[in-house]
Each structure stands twice: as C-alpha cells, then as structure tokens.
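# Show me the folded form of this:
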Amino acid sequence: PRTVVADLGSGTGQIAQMLAPFVGRIICVDDSPAMLKAARKRLGGAPNVELRRGELSSLPIEDAACDAAMIVLALTYIADPLDALGETARIVKPGGRVVIIDLLRHDRDDFRRQMGQNWPGFETETLGRWLEEAGFAVGFNRPLPSEQEAKGPALLLASGTRRNSQ
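Numbering: from 1, shown residues only. Model (predicted):
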C-alpha cells in the first residue's frame, strides 16, 4: 500500500487503472496531451494516480521518488532510449525495479512508420546493455511468446534492479 510506481509513457492509463487498487501511488508520465486527457477520463479521478506531462528523457519526478517504474510500449517512440533509462534510474530508489515491455527487433518498416516509431524494436542484448549502463542490474530480459492472432511484431520483457550507486 505504500509503493510508488511510475508509469512512463502511460498513454491512456490502462496500466495505471489495473495497478491502482494494489499500490499506494502511481505517477503517470506522457508527453501527449491527448493521451493524458484520455487517461484522465479512464481513471475517473482515482485518488492515488497523478498525471504529469513530460518527456521520458526529462522526467517530471523527483530523484529516488519511486519504488518501481514501468515502461510499456514506449521506448520505440523516443529518440534516445538509453537517456530515458538513465532518467528512469534517477527516479527509482536504490533496490527498486524497472519493468519494460516493448517490441522485439523486427524488419517491418511499414509497421514502424505507420505507428510513428523511431526504433524497429530492440534486441534483448542491446536492451540488457542499456539497462546496465543506466544503473540497473538486469533481472531478466527475454522475448515473450507470440500470440497466434497477433498482427504486430513480437514483444520482449526486461526487468532490472536499481544498483545502490550509478
């Protein structure tokens, strides 16, 4: 009940809506006013959810303010994912965790362009190296099993624990 979670690249607030009953506070950050408006509508004024406009490379969150951070389907949209992971490390307490779900590297340039993404997904090795460079000890980092009905590229799941010093 005292856990503070950052939902980075929170979009319409779907993850925050699912987590809100189980944590003390969720800080949602997104750079799109339209997404934040949709999140505000979805969350209906949940008392433990804060919505903040900001970039993942310059988070509007204090140092070491969060016990955990989630970045779900957001890294492919930003220019410098390593910079965003460094910012994530800044806001996560030592011993805190980050969980990332994003696209596994793919060759579907049409999909990337249609979705407005800067990156065609990530290799697990690259994401693991970036997590380490940002100040996290990698817990796991692997592709997720694909759903047969899925139309988009495969996903990966990565997790890390914030080291005591960067």
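# what is the spatially closest residue to Val49 that is not a sequence neighbour paired to in the beta sheet?
Once flanking residues are discounted, Val49 sits nearest to Ile26: 4.8 Å by Cβ to Cβ, 6 or more residues apart in numbering. To be clear about C-beta, it is placed using only N, CA and C from the backbone, and glycine gets the same treatment. Counting by DSSP bridges, Ile26 forms beta bridges with Val5, Val49.
# For Ile26, list the residues it contacts.
Neighbouring residues of Ile26 by Cβ atoms under 8 Å, 6 or more residues apart in numbering: Val4, Val5, Ala6, Asp7, Ala16, Leu19, Ala20, Asn48, Val49, Glu50.
# Go through the residues you listed and name the one nearest Gly160.
Ala6 (13.9 Å; Cβ to Cβ).
# How much space separates Pro21 from Asn48?
Taking Cβ to Cβ, to the nearest Å as the measure, Pro21 falls 9 Å from Asn48.
# With Ile15 instead?
14 Å.
# Which of those two has more residues huddled nearby?
A direct count of neighbours by other Cβ atoms under 10 Å for Ile15 and Asn48 places Ile15 higher, at 20 against 17.
# Verify the contact between Gly128 and Leu156 for me.
No - Gly128 is beyond contact range of Leu156, at 10.0 Å (criterion: Cβ atoms under 8 Å).
# Return every residue with contacts to both of those two.
Asn141.
# Skip ahead from the helix or strand bottoming out on mean pLDDT in the chain and say which helix or strand is next.
Ranking every helix and strand in the chain by mean pLDDT, DSSP states H and E puts helix 109-115 at the bottom, with a mean of 62. Using DSSP states H and E, the helix or strand that follows helix 109-115 towards the C-terminus is helix 124-134.
# Would you check that Glu146 makes contact with Ala154?
Quick fix: residue 146 is Ser, not Glu. Yes - at 4.9 Å, Ser146 counts as touching Ala154 under the criterion of Cβ under 8 Å.
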